[in-house]
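>>> I'd like to go over a predicted model; first the sequence, then the structure.
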Amino acid sequence: MTAISFVLMVWWMACLENFMSKAIQLQPDKALLVQARPATGPKKPDSHDWNYALKLKWQWARDRPENELLNLAKEKRVWGAVSVKYCKELETTANLRRSLRWGTQRKFLTALVGDKQNKNEENLRETTSSINEFLQYTKETTNFFQNRILICTITSPLGRPLCSFQSLVELLQALRDTIMCHRSLYYDAKLLHRDISPGNIIILDHQDKEQPKGLLIDLDSAISLDEASEAELGITGTRPFMPIGVLRNEPYTCRHDLESFFYVLIWMIITDDTESPPEGSRLRRWSNGDWDSLAAHKTLDMTDEQFQELLSEFGSQFCSLKPLVEKLHQLLFPPRDGTAWTGTDGTPVAVDKLYEGMIAALEEAITEEGRRLTQECNWYVCIVKTQSSPDVHSQIQADNKAS
């Protein structure tokens, strides 16, 4: 986080009630930035643990507050649910605009017609001195200004970004546990997340064996299962990880979120802790274009032939994960009528089978990766011991002299 961002963070914290302003501190090097919404790690003054995440967001007034969904998840005992420690509305756009005259929104014309297009900047500045003349460069829309609310939320625990994984085992454990979190969110709280992305998955350190190594955060886009069946919900999510069905404006299902987990794994492997895919990567097409284009690109990439091209982009350090990725691909896109099926079987048996299949595949990969690391460590220890043994060195020298 930059110095300016941190100053702004501290300033907003000063807007909190006296109790909270006295009860927490901020540590700048614990800061995270998730989807342009600042989150940092506060703690109590009498504690040495930086175990809280602070989030500031301008939320649409019409949307259900995220803290309600987080509290619902906690109330329903969702496995891996975060705890809301504090939540407060700080400001509204309605209040900031209270002295302004409201109306429909206007937007600037992208291109000026005829002689207007040839006006230079000086003439344009002169015309803006008159409101009426200024309006000729804009166009009225049917959109009204919607009220937004600035909300400060403090949750626990605090984790590391998914991109900070320190081993393949840690990456796989985090994904396995967030899928388990998602399953509990779906069955116990009857909620769909709808925005599975690397920015909404965190890694937890120093966890007990029965506790999750990874958590699913950010329920801003989450909806109840009853809402998921309604039309006119619109398309939501983070572009590279949006499921094919959602891009086609189909009703949202839990399988769509599981498909997004699959894209997250592929993205983490190919980008390898960089901000964007390498030049020439097929993943670059997952972010650009309209919804129909994105759906077409992903559908093509999920066909058997093109999917092998995607696997060829894996770096050497990730080649051991190819069997896992192929297994997940088979689970999510089973062949039907000679092509990869992108639809959803919403029957309870099929949903359970998909969850269990993906979790089992990750468990198997974690075990295999752990076994591979153990073998490599044993081989390394053997080499070190051999090189450090004076008897071995003497034997090698004797053999060299004899030859």
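Sure thing, it's come through. These numbers were taken from a predicted model, which means no experiment stands behind them.
>>> now do the same end-to-end measure for stretch 277-286.
Distance between the boundary residues of stretch 277-286 (C-alpha to C-alpha, to the nearest Å) amounts to 10 Å.
>>> Same check on stretch 315-329?
The separation between the terminal residues of stretch 315-329, taken as C-alpha to C-alpha, is 19 Å.
>>> could you point out where this protein is predicted with low confidence?
Scanning the chain for pLDDT under 70 picks out the ranges 1-50, 110-134, 229-233, 378-403.
>>> Show me the domain layout of it.
Domain segmentation of the chain under automatic domain parsing yields 1-102+150-158, 103-144, 159-403.
>>> okay, those domains in a markdown table with mean neighbour count next?
C-beta here means a position set from N, CA and C on the backbone, and glycine is covered the same way. Putting the domains of the chain into a markdown table (neighbours: other C-beta atoms under 10 Å) gives the following:
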| stretch | mean neighbour count |
| --- | --- |
| domain 1-102+150-158 | 15 |
| domain 103-144 | 10 |
| domain 159-403 | 16 |
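>>> mind checking which helix or strand residue 141 is in?
Using DSSP states H and E, the element containing residue 141 is strand 138-144.
>>> partners of that strand, with directions?
Paired strands of strand 138-144, with direction, are strand 104-108 (antiparallel) (DSSP bridges).
>>> Now tell me what touches the partner strand from outside.
Where contact means C-beta atoms under 8 Å, 6 or more residues apart in numbering, the residues beyond strand 104-108 that reach it are 135, 137, 138, 139, 140, 141, 142, 143, 144, 145.
>>> Out of those, which is nearest to residue 221?
Minimum separation from residue 221 among the contacts of strand 104-108 (C-beta to C-beta) is found for residue 143, which lies at 20.8 Å.
>>> How much space separates that closest one from residue 207?
As judged by C-beta to C-beta, to the nearest Å, residue 143 and residue 207 stand 46 Å apart.
>>> Kindly report the same for residue 281.
As defined by C-beta to C-beta, residue 281 lies at a distance of 33 Å from residue 207.
>>> Just after the strand holding residue 141, pick out the following helix or strand.
The C-terminal neighbour of strand 138-144 among helices and strands, as given by DSSP H and E, is strand 148-156.
>>> Tell me which strands the helix or strand just after that next one pairs with, and in which orientation.
Downstream of strand 148-156, the next assigned helix or strand under DSSP H and E is strand 160-161. Applying DSSP bridges to the sheet, strand 160-161 is found paired with strand 201-203 (antiparallel).
>>> Show me what the strand it pairs with is in contact with.
Strand 201-203 is touched from outside by 158-162, 164-165, 170, 174-175, 178, 213-217, 264, with contacts defined as C-beta under 8 Å, 6+ apart.
>>> Can you list the helices and strands that whichever helix in the chain runs longest packs against?
Ranked by number of residues, the top helix in the chain under DSSP state H is helix 348-388. The contact analysis (3 or more C-beta pairs under 8 Å, 6 or more residues apart in numbering; DSSP states H and E) places helix 348-388 against helix 168-188, helix 254-271, helix 322-332.
>>> next one: that helix to chain centre, how far?
A distance of 25 Å separates the C-alpha centroid of helix 348-388 from that of its chain, computed with C-alpha atoms, centre = their mean, to the nearest Å.
>>> how near is residue 301 to residue 270?
Looking at residue 301 against residue 270, where the rule is C-beta to C-beta, the gap reads 12 Å.
>>> Mind listing the shared neighbours of these two?
In contact with both residue 301 and residue 270: residue 310, using C-beta under 8 Å, 6+ apart.
>>> isn't there a helix covering residue 343?
No. Using DSSP: H, G, I helix; E, B strand; the rest coil, the assignment for residue 343 is coil, not a helix.
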